[in-house]
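K.L.:
need a structure here:
(one chain, ligands or ions: 1)
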Amino acid sequence: MPLALGLDLGGTNLRAAAIDAGSGALAAVRKVHHADRRPGAVVDAAARAVREAADAAGMTGFSAVGVGLAGQCLGSTGLVLNAPNLGWRDVPFGELLGRALGARVRVANDLSAAALGEHRFGAARGVEDAVLLFAGSGVGAGLVLGGRLHEGAGGVAGEVGHVKVRPRPGTAERRCGCGQLSCLEAYAGGHAIAARVREDRAAGRAPGLLGAPGGDPAGAGPAEVEAACAAGDRYAAALWEEVAELLGDAAANLVTLLNPSRLILGGGLLLGGTRLQALVRARLAARVSASAARSLVVVEAALGDDAGVVGAALLAV
Ligand SMILES: [Zn+2]
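P.N.:
Numbering: from 1, shown residues only. Model (predicted):
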């Protein structure tokens, strides 16, 4: 089968891969840490990694590259509107990388790319309508509707991390990285959870949370909350109940609105059969439209870290 080239671009690391477009298998991978986040430096590092992956896979030439990027992208133009992890606003990344490589470049949000990868080769293989709900350091979704990636009119569909939620009474209103108040991500994203735990520990509200083992005593994040919850800590259990209400409602709303046959759970907060995942599933079951739930199967993402780069390569096909 023909090989396709994909690039998964994060805030500090990028991964370029040549994949077999028929099976999704990775033929060659180049992973690069990019300390310099300026667009020119990232374009140089990305172009080098893509060329090396193509060479390593034995490709004699290429005309297209797909990119999945953590940020809001106008996919049709390759313009990155806003990528907080990279500190970019209105960067014509697709055009710059295209010029550097002498190839056509298609850019999409990383979760859109991951949803495409899961749809073709992973947890949503063979279904027409699938939603990927991701909860890691941030919260977002990728949508495949009618067998096609759905990116919306401006390329920013699926930004479920920025839908507005009402937390429990007594929980302070929190500002999101996007600048607005009361976004889901400001309560249920990993960075936000870590910030909240820091505040609660400083205020003596989380006596059972001791911080990361062997590390920074202030560094208690989602993994420590998950472990404390499993050990019976009441603060951790209450926090997970609250986060699960918000994530579970968001999942239920997505399913009620879009009626997918697969809801794919991804990201560190939801992968690996966590307690949080079980709570989110229970909340989803209680809150989703019963009619939409009839055709729904909830599964964990199958491709792991590879979903983004595999989906990115599919964008180029
Ligand atoms: Zn937001």
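K.L.:
Are the longest helix along the chain and the ion in contact anywhere?
P.N.:
In the chain, assigned by DSSP state H, the helix with the most residues is helix 234-258. No. Helix 234-258 does not reach the ion (C-beta under 5 Å from the ion); its nearest approach is 12.8 Å. Yep, even glycine has a C-beta here, placed from its N, CA and C like the rest.
K.L.:
For the next helix-or-strand element following that helix, which helices and strands make contact with it?
P.N.:
Per DSSP states H and E, the first helix or strand lying C-terminal to helix 234-258 is strand 262-266. When contacts are defined as 3 or more C-beta pairs under 8 Å, 6 or more residues apart in numbering; DSSP states H and E, strand 262-266 sits against helix 110-121, strand 130-135, helix 234-258, helix 275-287, strand 297-300.
K.L.:
Parallel or antiparallel, list what pairs with strand 262-266.
P.N.:
Under the criterion DSSP bridges, strand 262-266 sits next to strand 130-135 (parallel), strand 297-300 (parallel) in its sheet.
K.L.:
Rebuild those strands as a markdown table, extending it with distance to A252.
P.N.:
Below are the strands paired with strand 262-266 laid out as a markdown table (distance: least, C-beta to C-beta, whole Å):
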| stretch | distance to A252 |
| --- | --- |
| strand 130-135 | 11 |
| strand 297-300 | 11 |
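K.L.:
JSON lines for these, including mean neighbour count, distance to the ion and mean pLDDT?
P.N.:
Output for these, formatted as JSON lines (neighbours: other C-beta atoms under 10 Å; distance: least, C-beta to the ion, whole Å; pLDDT from 0 to 100):
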{"stretch": "strand 130-135", "mean neighbour count": "29", "distance to the ion": "14", "mean pLDDT": "98"}
{"stretch": "strand 297-300", "mean neighbour count": "16", "distance to the ion": "25", "mean pLDDT": "98"}
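K.L.:
closest to A286 out of those?
P.N.:
A286 lies closest, by C-beta to C-beta, to one member of the strands paired with strand 262-266: strand 297-300, at 13.3 Å.
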